[in-house]
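Trainee: My questions are about this predicted structure, shown below with the sequence.
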Amino acid sequence: MHAAKKVVAAFGFTLASMGAGAAAPPPIQPVPYVDLTRFMGRWYVIASIPTRFERNAYNAVETYTLQPDGNVYTAFRFNNGGFDASEKSIHSLGIVKPGTGNAVWGVQLFWPLRAQYIVAYLSKDYGETIVARDARDYTWVMARTPSVSPDVYQALMQKVKSLGYDMSQLRQVPQRWPDKNTPGAGQ
């Protein structure tokens, strides 16, 4: 199946499954404010409850670029299945929801559908973040560096757990830098 068709099919399945199940957990509380200028740049995915496209991601990196209209261009790249495997990329647009302190976005892979994106945790130095969803189906734990100390990692995992996620679904994303497949990466 063509990659774009796979994205459309998976996104449709995700939207359909969001309405299924028992009573919804309480909404995720976003951080009070995100300074978008500071938030931009490269974030290494340290752990995630991944979408079907990134289940076997290695060296996963999300890069944000602020657009003149205040929205955020997102480039997500990873090696699919191993450090030396082929590189995959997904590009989307983060549409910042007004009145949320820039902490809630609708991520648009294709028009008109938008996936929920909530900055649920952001360290004061903008060194680590957790992106969550009310459905508790996906989450991304990211850092400005390819790895964090064991203490920081455990603290981040506790934060994910406190958000109501099923920790058995969480996958630590392997990172090894520099990545010979990506010029300038990991620096």
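Mentor: In hand now; what should we look at? Numbers count the residues shown, from 1 in each chain.
Trainee: Would you mind measuring from the residue nearest the centre of the chain to Lys97?
Mentor: Among the residues of the chain, the one closest to the centroid is Trp140, at 4.2 Å (Cα atoms, centre = their mean). Separation of Trp140 from Lys97 (Cβ to Cβ, to the nearest Å): 18 Å. All C-beta spots, glycine's among them, are computed from the backbone N, C-alpha and C.
Trainee: quick one on the thing from earlier: contacting residues around the residue nearest to the centre of the chain?
Mentor: By Cβ atoms under 8 Å, 6 or more residues apart in numbering, the contact list for Trp140 reads Val45, Ala47, Ser48, Glu62, Ile130, Val131.
Trainee: shouldn't the last one be in contact with Thr139?
Mentor: By that I understand Val131. Yes - the pair Val131 and Thr139 passes the contact test of Cβ atoms under 8 Å, sitting 6.5 Å apart.
Trainee: Determine the residues that are contacts of both of the two.
Mentor: Counting by Cβ under 8 Å, 6+ apart, the shared contacts of Val131 and Thr139 are Ala120.
Trainee: how much space is there between Trp140 and Tyr165?
Mentor: Distance, Trp140 to Tyr165, by Cβ to Cβ: 11 Å.
Trainee: Check Ala132 too.
Mentor: 8 Å.
Trainee: what residues are shared contacts of the two?
Mentor: Thr139.
Trainee: ok, the two, which is more surrounded?
Mentor: Ala132 (26 against 22; other Cβ atoms under 10 Å).
Trainee: what's the burial count for the closest residue to the more buried one other than its chain neighbours?
Mentor: Nearest residue to Ala132 in three dimensions, chain neighbours excluded: Ala120, at 3.9 Å (Cβ to Cβ, 6 or more residues apart in numbering). When counting by other Cβ under 10 Å, one arrives at 21 neighbours for Ala120.
Trainee: cool, Arg77 as well?
Mentor: Other residues near Arg77 number 19, with proximity taken as other Cβ under 10 Å.
Trainee: Val31 too?
Mentor: If you count neighbours by other Cβ under 10 Å, Val31 ends up with 18.
Trainee: so it touches Val119, yeah?
Mentor: Yes - counting by Cβ under 8 Å, Val119 is a contact partner of Val31 at 5.2 Å.
Trainee: what do those two both touch?
Mentor: Ala103.
Trainee: distance between the ends of stretch 51-69?
Mentor: Stretch 51-69 has an end-to-end distance of 28 Å (criterion: Cα to Cα, to the nearest Å).
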